[in-house]
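Trainee: show me the folded form of this:
(chains A and B)
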Amino acid sequence: MSKELTDAELVLQIGLGSGAGAEGELCRRMAQRIRLYGLRHLRDEQAAEDLTQQVLMKTLEALRARRLLDPEKLASFVLGMCRMSVLDLRRNAQRRERLLETFGAPPSGPSRPWLPSLDYDQLERCVRNLKERERSVVVMTFYDEQTGADVAGFLGISEANVRVIRHRAIRQLRDCMGVAI
Amino acid sequence: MNCFDPIGEPALADYWLGLLGTAEETAVEEHLFGCDECGERLRRMIALVGGVRKLAREGCLRMVVSEAFLKRMEEEGSRIRQYTVPAGGEVRCTVTADDDLLIARLAAGMSEARRVDLSICDGAGVERLRMSDIPFRPEAGSVVYQESITYAKAAPGNEMIMRLLALDEAGEHPLAEYVFHHTRSLPGPGGW
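Mentor: Next comes the predicted model:
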């Protein structure tokens, strides 16, 4: 079994133009991380997929042109590219089309279901087992994405206490769901 | 691959929900871009958050909710059946197949209360469920209680008594009592 290349080795190989294998490995390695970032910031699976394609294209373009000076900083470089691209995606939806025309769609790693499946019956039992305030905090925060200040206002307690209650409830849910989450 | 400094689930949840400060968020993202193990745990946390949202949308949880929560549910198209009951009041109620959420607004003076329990009793007044230390605002003048729509849709015609109780060092003091006369309007006899 061949040794997995480090990020720096991938960068160097791509810079030397020595094989699509290194580019494929880079895409496989980074695609899921970019998707998660995209999903967090764009809140849309298709938009996250678009971001993944765009960032991988830009990254490959930069690495082929040897624009990453410190190969050890690949992860930071891709993260920075994500940040800029999210701003870019919001500003200019047409750019993606131009990049696709120029470079074509790169491989983005094997697609797999975005999220693991859950045992909803077990989750319902776990949520029911929370204390009343914990259940209210978790549901209102998770469902409505209410801020700590909103929930604190509803409960008549401080934001710090809301945070404590939320974190305790999350740990309980994690323990109750076991390996299922 | 083993992460030597894994991000805790609470921090992952806060990150996903946008509740971290800028510095914390930056640190989490830098970690996630070098750690697929924590990325995998974030995916599980996202699934958990999604699962709780699904339960909330289905209205199957018994809980105290806020007006903001109800407003959001309504905006997203949930059909909400609501009953407002004064302290000591009675109400005739039902639930239909079209209802997504079932809400009881229980009016009570709670300005002096420090802890409030909600006691759910059968028609004879025997307690069947106690919701301890429910969230409430003393000045609000009411508690917005969500009954499980799953439970209500399965229920036969019945009578239910709810009591709000204030608790302090001296013991338990009734704040108000409410009687619900439930008529089944769904097909079939119902039953739990």
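Trainee: chain A - how does it break down into domains?
Mentor: What automatic domain parsing lists as the domains of chain A is A:7-103, A:120-180.
Trainee: residue A:169 and chain B: what is the separation?
Mentor: 9 Å (C-beta to the nearest C-beta, to the nearest Å). Quick note: C-beta positions are derived from backbone N, CA and C, even for glycine.
Trainee: need the residue closest to the centroid of the chain.
Mentor: Using chain A. Computing the C-alpha centroid of chain A and ranking residues by C-alpha atoms, centre = their mean puts residue A:36 first, at 1.4 Å.
Trainee: was after chain B, sorry
Mentor: Most central in chain B (C-alpha atoms, centre = their mean) works out to residue B:63, at 2.6 Å.
Trainee: re the thing from before, in what helix or strand does the residue nearest to the centre of chain A lie?
Mentor: In this assignment (DSSP states H and E), residue A:36 forms part of helix A:20-42.
Trainee: what residues of that helix count as buried?
Mentor: A:22-23, A:25-27, A:29-42 (16 or more other C-beta atoms under 10 Å in any protein chain shown).
Trainee: burial measure for the nearest residue to residue A:32 once chain neighbours are set aside, as a count.
Mentor: The spatial neighbour of residue A:32 that comes closest, neighbours along the chain excluded (C-beta to C-beta, 6 or more residues apart in numbering or on different chains), is residue B:39 at 6.2 Å. Other residues within reach of residue B:39, judged by other C-beta atoms under 10 Å in any protein chain shown, total 20.
Trainee: all helices of chain A, in order?
Mentor: Remark: helices assigned in chain A by DSSP state H are A:7-15, A:20-42, A:45-64, A:74-91, A:94-103, A:120-128, A:132-144, A:148-155, A:159-177.
Trainee: how near is whatever residue is furthest in space from the centre of chain A to chain B?
Mentor: Distance from the C-alpha centroid of chain A peaks at residue A:156, with 33.9 Å (C-alpha atoms, centre = their mean). Distance of residue A:156 to chain B, computed by C-beta to the nearest C-beta: 5 Å.
Trainee: ok, residue A:172 - how many residues close by?
Mentor: 17.
Trainee: do you know the pLDDT at it?
Mentor: The per-residue pLDDT reported for residue A:172 equals 94.
Trainee: surely it is in contact with residue A:125?
Mentor: No. Residue A:172 is beyond contact range of residue A:125, at 11.9 Å (criterion: C-beta atoms under 8 Å).
Trainee: contacts for stretch A:10-18?
Mentor: A:5, A:19, A:22-23, A:25-26, A:29, A:60, A:63-64, A:66, A:68, A:71, A:74 (C-beta atoms under 8 Å, 6 or more residues apart in numbering or on different chains).
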